[in-house]
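In: Have a look at this fold, sequence not included:
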Ligand SMILES: Nc1ncnc2c1ncn2[C@@H]1O[C@H](COP(=O)(O)OP(=O)(O)O)[C@@H](O)[C@H]1O
Ligand SMILES: [Mg+2]
């Protein structure tokens, strides 16, 4: 009796959440996959017939390919910049003393909690044709530069939004690093640079990699930033999906693109897990 | 230990400036007396803050978002605490799979979730319903709560529970008197984090809100794509202030770095 | 002039002097321990020698060369960190080879030296393991091998044994001494464990609150501790407060009117004195046949010896008696205590002596 009860307990505890998540994660995703195969007619809307046409259209049409290419380019550039800024910054933070360390950690990762719309809006004010950046350029004798509604603006704002996602994992791996290890390398004759390259970097590389993946995945599916800083013409995958759903009303096509974004994301995560496992196997011998 | 050199400090200053620049600009522009987006130079004015209250839709969206965030964070706690207990304390078939299911909204882009919810809601005739909006937010904030609850459970000293048990407490009493108080920081932190994430959520919500249930970020996004005036800055400044307050509470109570580690 | 010389070396953090005016001269091939309680400045001293902490004042000279301001990566000293600081992403062999690599030693030569060194520390079998696959004692030997393979003029060890469990710690003490003697490297070891310092060093330096208060051979340190602090920190010690009765050398130390035979000493009449007597210097006798009578209140069996607490008219005294295989007197038994006068040390308690303790 008591045994039977205790075997049931975990199920009773998880079932409310589990049912909700099955109904609202698995079911909608399956419905979306199905939706992406539905035939769409501009006159009558979604039809109860199935086709691969949307997938074919997306991978052959230059318009869509262009947007995917831009999405990849922007996400890759954002990831690179986040790594170039975030890794050294995390290292600098790790070497600071309290209270500065906690204060600046808060400054760097705190904006994560500020709505993306707010941050995008801030950048649009800074980068606009009469924005602060252009005013500064003018004051310095350079002409004004068109920044807003360019890929540059999107990348700048994305780097701003994504930076914490790079700093956090690198910071975490630096926390795990015994500071004496770097000192040990020096005392064995390594220069500061060699110690960084040979001893510190290999140990933060996993943090950097996981940060890069998060940044890349989130950048590639970012919506608010390209929506507000890219304008109507400069679309990325997420804004394209939104337009297909809300303006073109071509839901099946929108669903197709969304599914492609999802699959790409999952493939990257899976590849990452593989890499982590391979590395774990290597270092554990 | 080792100190940062001048180059490192210069780099750090630039990064901090980069991080703070857009937020500072917003907070300054919000106080402009002008009609254009400009940084106030001579005088400060609260006119754009007052202007917000002339826009009932903004106020309505704010109230709407507040309710949405409160409800979804609370429901997320109600789901995540028992689920966390089951996952941490019991070994049962499908445990890892369920854990992955609960955490999956962290990996699935919000864009995809938005599309998927829109499709589901359209099929069951739930578009525009506030209840279903809450449900969709519960899905995206539960993982944050669950992660903190799991961390709190696995970090707590089990011997305290065992001690209570040997002193004659029942399972329920042990939970109520020992376990719950010990994981309370995790639960509170999870609630706040869930609240903030729900309150800020845009990408998924924009697919599933209707004119009657528009949340504040969605309202702001719509507004900003149409026109840009200092009132947006005033609203944004208010949101920054709100977030900063919540952030300080979170940091004081739990350490922000701990809560945000691995967050997406 | 020693091989390694510290001259009025000091380190001040803010308004806190972690190390004050340390003077030390270490001869070539010598094994010196820095002994002191936690926080007394041992690590800071060691790190100044290593070049990881910049001294506030003073100089460090190695083989006649002033290295005070030299960078750690050019000093060429071998350092074993308290946490070992092994490179977790490198194998044992790679860890040991790192210093040679930095010195651009050719591959073949490097492999040979790594192999020899791993043989010396008995780790040849584990060359391809990663640090996390090693036990504490093995890690510690990797750290020693890594520091020694570069043939450093001086080996610095920061509490190298403190992360090991008691049994292993004892084994590794002698292992450490064996390795040091076979290579002949001048060695400075930091420790807070007096037994460790006494058992393997040529000389022990005692540090108290940033200062060096005694530098002596282990045996002399134990027999002639310079301060009250040292006498209680190094080994066990019975300490009693008494008064000197009688004039000069003809007087005796008294407690509660009981005269206690002690070493040759001379104090003015009425001087308050501190008496110290090591537990192992006290002999247990039948009641009425010693210098003071007493009752055993506690008895502990510690394997190789018995430790008694004996309540006497002059106070409670610890007495240790070697274990001869028979059960000695038990709790409640009336006994007497005896000692040779020379083993009871007497010091005047003055205001300054009190402050130092
Ligand atoms: N970087 C530092 N900043 C300020 N005080 C320090 C620093 N390093 C050590 N100290 C202080 O100096 C004293 C000596 O420290 P340390 O040399 O580590 O002692 P030990 O190794 O003997 O335990 C301690 O009181 C410690 O708090
Ligand atoms: Mg120390």
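Out: Yes, it's here. Only a predicted model underlies this, so the values are computations on that prediction, with no experimental measurement involved. Residues are numbered from 1 along each chain as shown, chains lettered A, B, ... in the order given. Ligands and ions are numbered 1, 2, ... in the order given.
In: Look at the spatially closest residue to residue B:173 that is not a sequence neighbour and say how many residues are nearby.
Out: What sits nearest to residue B:173 in space, not counting adjacent residues and going by Cβ to Cβ, 6 or more residues apart in numbering or on different chains, is residue B:164, at 7.4 Å. C-beta: built from backbone N, CA, C; applies to glycine. Other residues within reach of residue B:164 by the criterion other Cβ atoms under 10 Å in any protein chain shown amount to 17.
In: Okay, and residue B:164 sits in which element?
Out: Counting by DSSP states H and E, the element that carries residue B:164 is helix B:158-166.
In: and that helix, average pLDDT?
Out: The predicted model gives helix B:158-166 an average pLDDT of 79.
In: immediately after it, which helix or strand?
Out: Past helix B:158-166, further along toward the C-terminus, the next helix or strand under DSSP H and E is helix B:171-174.
In: Could you list every helix and strand in contact with that next one?
Out: In this structure, helix B:171-174 packs against helix B:158-166, with contacts taken as 3 or more Cβ pairs under 8 Å, 6 or more residues apart in numbering or on different chains; DSSP states H and E.
In: Distance from the chain centre to the helix it packs on, please.
Out: Between the mean C-alpha point of helix B:158-166 and the mean C-alpha point of its chain there is a distance of 34 Å (Cα atoms, centre = their mean, to the nearest Å).
In: How about stretch A:116-126?
Out: When distances are taken as Cα atoms, centre = their mean, stretch A:116-126 is centred 18 Å away from the chain's centroid.
In: from what I can see residue C:315 touches residue C:255, true?
Out: Yes. Under the contact definition of Cβ atoms under 8 Å, residue C:315 touches residue C:255, with a separation of 6.8 Å.
In: tell me, what's touching those two both at once?
Out: Both residue C:315 and residue C:255 are contacted by residue C:240, under the criterion Cβ atoms under 8 Å, 6 or more residues apart in numbering or on different chains.
In: Okay, strands next: where are they in the stretch 51-200 of chain C?
Out: C:57-62, C:65-66, C:78-80, C:154-158, C:186-191 (DSSP state E, counting those that start in this stretch).
In: nearest to residue A:156, of those?
Out: The closest approach between residue A:156 and any of the strands of the stretch 51-200 of chain C, judged by Cβ to Cβ, belongs to strand C:78-80 at 45.2 Å.
In: Residues contacting that closest one, please?
Out: Taking Cβ under 8 Å, 6+ apart as the criterion, the residues outside strand C:78-80 that touch it are A:183-184, A:187, C:46, C:50, C:140, C:143-144, C:147-148, C:150, C:152, C:154-158, C:160, C:185.
In: Now residue C:249: phi and psi?
Out: Residue C:249 has phi and psi values of phi -70, psi -20 when expressed as degrees, to the nearest 10.
In: From residue B:141, how far out is residue B:113?
Out: Residue B:113 is 12 Å from residue B:141, where distance means Cβ to Cβ, to the nearest Å.
In: Hmm, I typed the wrong one, I wanted residue C:159.
Out: In this structure, residue C:159 and residue B:141 are 48 Å apart, going by Cβ to Cβ.
In: and residue B:172, how many residues sit next to it?
Out: Around residue B:172 there are 8 other residues, counting by other Cβ under 10 Å.
In: And residue 269, what's its pLDDT?
Out: Picked chain A for this. 83.
In: hm, I was asking about chain C
Out: The model reports residue C:269 with a pLDDT of 87.
In: okay but it is in contact with residue C:246, surely?
Out: Yes. A contact is recorded between residue C:269 and residue C:246 when judged using Cβ under 8 Å, the distance being 6.1 Å.
In: who has more neighbours, those two?
Out: When residue C:269 and residue C:246 are compared for neighbours, residue C:246 comes out ahead with 15 against 11, by other Cβ under 10 Å.
In: Which residues are in contact with the more buried one?
Out: Residue C:246 makes contact with C:252, C:269, according to Cβ under 8 Å, 6+ apart.
In: Kindly recompute the last result at 10 Å.
Out: C:252, C:253, C:254, C:259, C:267, C:268, C:269, C:270 (Cβ atoms under 10 Å, 6 or more residues apart in numbering or on different chains).
In: now do residue C:112
Out: Contacts for residue C:112 (Cβ under 10 Å, 6+ apart) come out as C:105, C:106.
In: now it: how far from residue C:150?
Out: The separation that residue C:112 has from residue C:150, given Cβ to Cβ, amounts to 14 Å.
In: Quick check: the gap between the closest residue to residue C:236 other than its chain neighbours and chain A.
Out: Computed as Cβ to Cβ, 6+ apart, the closest residue to residue C:236 that is not its neighbour in sequence is residue C:279, at 5.2 Å. As for residue C:279, its distance to chain A is 39 Å (criterion: Cβ to the nearest Cβ, to the nearest Å).
In: In contact with residue C:279, which residues are there?
Out: Contacts for residue C:279 (Cβ under 10 Å, 6+ apart) come out as C:235-238, C:305, C:307-310, C:317-321.
In: For the stretch 101-250 of chain A, which segments are assigned as helices?
Out: The residue ranges that make up the helices of the stretch 101-250 of chain A, judged by DSSP state H, counting those that start in this stretch, are A:116-127, A:132-139, A:151-176, A:179-187, A:192-195, A:201-220, A:224-229, A:237-246.
In: and what of chain B?
Out: B:6-29, B:47-54, B:56-89, B:95-103, B:110-124, B:130-155, B:158-166, B:171-174, B:180-200, B:205-208, B:216-226, B:230-254, B:256-260 (DSSP state H).
In: The second one near chain A anywhere?
Out: This points to helix B:47-54. No. Applying Cβ under 10 Å from any Cβ of the partner chain, one finds helix B:47-54 out of contact with chain A, separated by at least 13.3 Å.
In: Contacts only, for the closest residue to chain B within the stretch 201-350 of chain C.
Out: When distances are taken as Cβ to the nearest Cβ, the stretch 201-350 of chain C reaches nearest to chain B at residue C:210, 19.6 Å away. With contacts taken as Cβ under 10 Å, 6+ apart, residue C:210 has the following neighbours: C:10-12, C:16-22, C:36, C:39-42, C:44-45.
In: Let's see that with 7 Å instead.
Out: For residue C:210, the contacting residues are C:17, C:18, C:19, C:20, C:40, C:41, taking Cβ atoms under 7 Å, 6 or more residues apart in numbering or on different chains as the criterion.
In: Highest neighbour count among those?
Out: Of these, residue C:19 is surrounded by the most neighbours, 30 neighbours in total, counting by other Cβ under 10 Å.
In: what secondary structure does that residue sit in?
Out: Assigned state for residue C:19: strand (three-state reduction, DSSP: H, G, I helix; E, B strand; the rest coil).
In: give me the number of residues near residue 130?
Out: You didn't say which chain, so I picked chain A. 13.
In: Not quite, go with chain C.
Out: Other residues lying near residue C:130 total 20 when counted by other Cβ under 10 Å.
In: Please parse chain C into its domains.
Out: For chain C, automatic domain parsing gives the domain ranges C:4-229, C:236-348.
In: and those domains as CSV, adding distance to residue A:98?
Out: Below are the domains of chain C laid out as CSV (distance: least, Cβ to Cβ, whole Å):
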stretch, distance to residue A:98
domain C:4-229, 14
domain C:236-348, 41
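In: where does chain C dip in pLDDT?
Out: For chain C, residues meeting the criterion pLDDT under 70 lie at C:1, C:351-357.
In: now the helices: where do they sit in it?
Out: Under the criterion DSSP H, chain C contains helices at C:42-50, C:72-75, C:92-102, C:107-120, C:136-148, C:166-183, C:194-200, C:218-223, C:228-233, C:351-356.
In: buried residues in the fifth one?
Out: Going back to what we said before, that points to helix C:136-148. Residues of helix C:136-148 classed as buried under the neighbour-count rule (16 or more other Cβ atoms under 10 Å in any protein chain shown) are C:137, C:138, C:139, C:140, C:141, C:142, C:143, C:144, C:145, C:146, C:147, C:148.
In: Alright, calling it a day.
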